[in-house]
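[1] Next one to model:
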Amino acid sequence: MGQFGARRPSAALVVAIIALVVAASGTAVATTRLVGGDSLIRKHSLSADRLRAGGAGEVVRAHVAAEAQALGGHPASAFELASSDVRSGLVTASGGQTVKLASFGPFTVSLQCNDDGGGTFDAQIVVTSTTSNAEAADTPLTAGTPQEIDDVGPDSIFADNAGGTLVDFVAAPDAYMGYLIDSIFMPGTGAPCAASLMAAKS
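    Okay, the predicted model is just below:
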């Protein structure tokens, strides 16, 4: 073994290794157990001059702005809980077919796929109400008579109502807000017409 044989470590090396192990285990404990700010700082223990200028206010303003944009400028009280939402998912239809998207209140909304010949199709969204004195997209409805509220085409290549369409459905005393997406030849679908609807009571 010569001069590199079994030597006892110096006291300094032992202390350094112990310090390294303690430091590493402390980091491991800290990463496995998150510490919340409330447990580090008692409530009401900081004076206002210890907070960064505008920090809390900026966070609150950003949150309020995001909420307002998400609600389209309407107060949160104008909307019901998400469990009352109606979502159709992606619905497709072949030429000559009319397929229901969803029903809510007195309204039934359907996708109507028209085959115009020569590979050209037209996707229409129609709504029917079971009651009189109802309207959709600011148009009065006759009970039991389908009324077109959105249309894409006629075309022989992909086309859609870019950005979707917002539609009001009103049947006093209730009102609904609907969001429609309507397209023809949507990539990834086998049928020429496709649509999706989400509606909520407002």
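
[2] Please make it C-alpha for all contacts and neighbour counts, starting now.
    OK.

[3] Not counting its neighbours along the chain, what's nearest Thr189?
    Leaving out its chain neighbours, the residue that sits closest to Thr189 by CA to CA, 6 or more residues apart in numbering is Thr92, at 7.7 Å.

[4] Could you do Asp182 as well?
    In space, and not counting its chain neighbours, Asp182 is closest to Ala195: 4.3 Å by CA to CA, 6+ apart.

[5] Am I right that that neighbour is in contact with Tyr179?
    No - contact criterion CA atoms under 8 Å: Ala195 and Tyr179 do not qualify, at 10.6 Å.

[6] These two: which has the busier surroundings?
    Ala195 (27 against 16; other CA atoms under 10 Å).

[7] in the sheet, who's paired with that one?
    Val91, Asp182 (DSSP bridges).

[8] Could you give the number of residues near Ser110?
    Ser110 has 23 neighbouring residues, counting by other CA under 10 Å.

[9] can you check Thr165 too?
    Residues lying near Thr165 (other CA under 10 Å) number 15.

[10] mind listing what the closest residue to it other than its chain neighbours touches?
    Once flanking residues are discounted, Thr165 sits nearest to Leu180: 5.1 Å by CA to CA, 6+ apart. Contacts for Leu180 (CA atoms under 8 Å, 6 or more residues apart in numbering) come out as 164-167, 195-198.

[11] ok, 7 Å please
    Leu180 makes contacts with 164-166, 196-198, as judged by CA atoms under 7 Å, 6 or more residues apart in numbering.

[12] Same question for Gln112.
    Per CA under 7 Å, 6+ apart, neighbours of Gln112: 97-99, 123-125.

[13] Pull out the buried residues from those residues.
    Using 16 or more other CA atoms under 10 Å as the burial test, those include 98-99, 123-125 as buried.

[14] Now that we have the residues you listed, can you turn them into TSV and tack on secondary structure and pLDDT?
    Converted to TSV, these look like this (DSSP: H, G, I helix; E, B strand; the rest coil; pLDDT from 0 to 100):
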residue	secondary structure	pLDDT
Thr98	strand	96
Val99	strand	96
Ala123	strand	94
Gln124	strand	94
Ile125	strand	94
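
[15] which of the contacts of Gln112 sit farthest apart?
    Spatial extent of the contacts of Gln112 (CA to CA) is set by the pair Gln97 and Ile125 at 12.0 Å.
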